[in-house]
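S.K.: let's see this in three dimensions:
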Amino acid sequence: MARKNSTKVIGFLLIAVFMFTGCSGSTVKYINQGADFAYIKKIAILPFNNFTEDRYAGEKVRSALTIDIMSKHVFEVMEQGEVTKVMNMLFREEGFEEGRVVQLDKEMLRLLGEKLGVQAVIQGSVNEYSGGRGGYTTNVVAISVRMLDTGSGVVLWQVNTSEVGSSTFRKMIGIDQVDMTVLTTDVVRKAVNTLL
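M.R.: Predicted structure coming up:
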């Protein structure tokens with residue numbers, strides 16, 4: 001009788017897990033095996049490129065990433081407003097037009113590192129933020145994130161990951177898909193967990 005009850009409990013727990021989780025997206029990561037992360041004490045998270053129709057997607061992901069990294073207590077993280085201010089000042093000094101996408105070359109990374117007092121920067125892009133798939137709307141968040149050494153310009157870590165807010169099981173039993181705010185937090189946590 002006890003075995004029958006434990007089988008029911010396990011079955012119930014599995015159903016509960018399927019009910020409350022979305023359908024996982026994919027993740028591809030790279031960690032530079034030659035990198036020594038111990039010297040990195042302070043980092044700056046740069047504004048994210050936004051390739052979606054949601055004009056605030058970049059800032060939403062950047063904020064979620066900042067909070068997640070700060071919660072790990074591994075790196076000191078520069079305040080976002082200060083990072084943006086220094087970047088704008090530096091770009092003006094270098095003669096770049098405001099609003100223009102600037103590729104960060106080795107020299108620009110070095111200058112950013114000096115001006116911000118950081119050993120590494122994190123930059124990224126939001127590649128998808130909600131949208132339709134297969135004729136119906138499904139919440140989707142897809143991001144690319146990488147950490148660069150400001151002294152050498154070397155890529156230390158990079159990840160492309162995504163999360164989907166619905167699954168076949170959730171649809172079958174009539175459960176709403178995962179909210180975009182929760183999905184953003186989940187995709188960022190999944191990305192950061194590949195490094196920290």
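
S.K.: from here on, contacts and neighbour counts on C-alpha atoms
M.R.: Will do.

S.K.: and N88, how many neighbours?
M.R.: Taking other CA atoms under 10 Å as the neighbour definition, N88 ends up with a count of 16.

S.K.: A helix includes it, no?
M.R.: Yes. Using DSSP: H, G, I helix; E, B strand; the rest coil, the assignment for N88 is a helix.

S.K.: model confidence for it, exactly?
M.R.: At N88 the predicted local confidence, pLDDT, stands at 86.

S.K.: again with the one 4 residues further on
M.R.: Among the per-residue scores, R92 holds a pLDDT of 82.

S.K.: SS state for it?
M.R.: Under three-state DSSP, R92 falls in the helix class.

S.K.: can you give me the neighbour number for it?
M.R.: As a burial measure, the neighbour count of R92 was computed by other CA under 10 Å and equals 12.

S.K.: separation between it and V86?
M.R.: Remark: distance between R92 and V86 (CA to CA, to the nearest Å) = 10 Å.

S.K.: could you do V192 as well?
M.R.: Plainly put, V192 is 25 Å away from V86 if you go by CA to CA.

S.K.: what of A35?
M.R.: 27 Å.

S.K.: likewise for E107?
M.R.: Distance check for E107 against V86: by CA to CA, it reads 15 Å.

S.K.: with I143 instead?
M.R.: In this structure, I143 and V86 are 24 Å apart, going by CA to CA.

S.K.: which of those two has more residues huddled nearby?
M.R.: I143 (26 against 14).

S.K.: ok, and the closest non-adjacent residue to the more buried one?
M.R.: Nearest in space to I143, with sequence neighbours left out and distances taken as CA to CA, 6 or more residues apart in numbering, is V126 at 4.6 Å.
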